[in-house]
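Undergrad: Compute the structure for the input listed below.
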Amino acid sequence: MNMPWLLELDDVRKRYNIGLPSEAEVLHGVSLRLAAGEFTALVGPSGSGKSTLLNILGLLEHLSSGSYRLQGEPVQDLDDDALTLRRRRTLGFVFQFHHLLPAFNALENVTLPVLAAEGRVPAAVLQRARELLDAVGLAGAMAKRPAELSGGMQQRVAIARALVLQPALVLADEPTGNLDTASSNDVFTLLRRIHAERGTAFIVVTHDSRLAARCDRLIELVDGQVSRDEPVARS
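TA: Coordinates of the predicted model:
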């Protein structure tokens, strides 16, 4: 029986400035599999290709060659409209900088992906957004705007926003990189709790070895290639 992989990359390469003297290949044949519900750290030195790989996984950039299957469906040849729909149905994103809209309160920011997609926020989604803010510890801050929230609280709003469409996979790019140590620990603990409670898969890009050690699997990129892919050892 074949494993129902959430995503499959085979020999993925990414080149920029193709055909120009400045042409450069950033990813050199990356292959990996991710099962539903995995909690994975993606690490590597600056310039190793982590952000490029995350953008390809997030359907934000096209790969140059190779194949990418998401929930069993080939996605590398989909047009932009189909990619947008696939991204909306399957993926959530958390970034180092939360990108909340300052004029919107916390609840409105959480519902923005739905508003942008549908032009309205159904009552069921509004209720889900309230439940998510409660789950991330912000039940009393739903009406507050980002300027009234601490950095850690703003990132919690961003996490709730990433989950509002119930994605199978959340891609988190240095989600604690802009936070102090205490807030960083709180946010990461929240990600792990969401994973445990909801079964959402996570790929977390981090430069913090302490956080990487709290993941279940570690993938290391070096010079655009996977140099290590192994379970995280527990002490």
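Undergrad: And the strands in this structure?
TA: 5-16, 24-35, 39-43, 65-70, 73-74, 91-95, 169-173, 201-205, 217-222, 225-231 (DSSP state E).
Undergrad: Could you identify the longest helix within the protein?
TA: Counting residues, the longest helix found in the chain (DSSP state H) is helix 181-198.
Undergrad: Just send the strands of the chain back as CSV, with distance to residue 49 too.
TA: Any C-beta I mention is one placed from the backbone N, CA and C, and that applies to glycine too. Output for the strands of the chain, formatted as CSV (distance: least, Cβ to Cβ, whole Å):
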stretch, distance to residue 49
strand 5-16, 8
strand 24-35, 5
strand 39-43, 10
strand 65-70, 13
strand 73-74, 22
strand 91-95, 18
strand 169-173, 13
strand 201-205, 11
strand 217-222, 5
strand 225-231, 8
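Undergrad: on that earlier part again, just the CA coordinates of the longest helix of the chain, formatted as PDB?
TA: The C-alpha trace of helix 181-198 is given here as PDB (Å, rounded to 0.1, in the frame of the first residue of the first chain):
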ATOM      1  CA  THR A 181      13.100  34.600  24.200                       C
ATOM      2  CA  ALA A 182      10.100  34.300  26.400                       C
ATOM      3  CA  SER A 183       7.600  35.200  23.600                       C
ATOM      4  CA  SER A 184       9.500  32.900  21.200                       C
ATOM      5  CA  ASN A 185       9.100  30.000  23.600                       C
ATOM      6  CA  ASP A 186       5.400  30.800  24.100                       C
ATOM      7  CA  VAL A 187       4.700  31.000  20.300                       C
ATOM      8  CA  PHE A 188       6.500  27.800  19.600                       C
ATOM      9  CA  THR A 189       4.700  26.000  22.400                       C
ATOM     10  CA  LEU A 190       1.500  27.200  20.900                       C
ATOM     11  CA  LEU A 191       2.500  25.700  17.500                       C
ATOM     12  CA  ARG A 192       3.200  22.400  19.100                       C
ATOM     13  CA  ARG A 193      -0.100  22.400  20.900                       C
ATOM     14  CA  ILE A 194      -2.000  23.200  17.700                       C
ATOM     15  CA  HIS A 195      -0.200  20.300  16.000                       C
ATOM     16  CA  ALA A 196      -1.100  18.000  18.900                       C
ATOM     17  CA  GLU A 197      -4.800  19.000  19.100                       C
ATOM     18  CA  ARG A 198      -5.600  19.500  15.400                       C
END
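Undergrad: elements contacting it?
TA: Under the contact definition 3 or more Cβ pairs under 8 Å, 6 or more residues apart in numbering; DSSP states H and E, helix 181-198 sits against strand 39-43, helix 151-163, strand 201-205.
Undergrad: quick one: the most centrally placed residue in the chain from residue 124, how far?
TA: Geometric centre of the chain, nearest residue: residue 171, 1.1 Å, by Cα atoms, centre = their mean. Separation of residue 171 from residue 124 (Cβ to Cβ, to the nearest Å): 25 Å.
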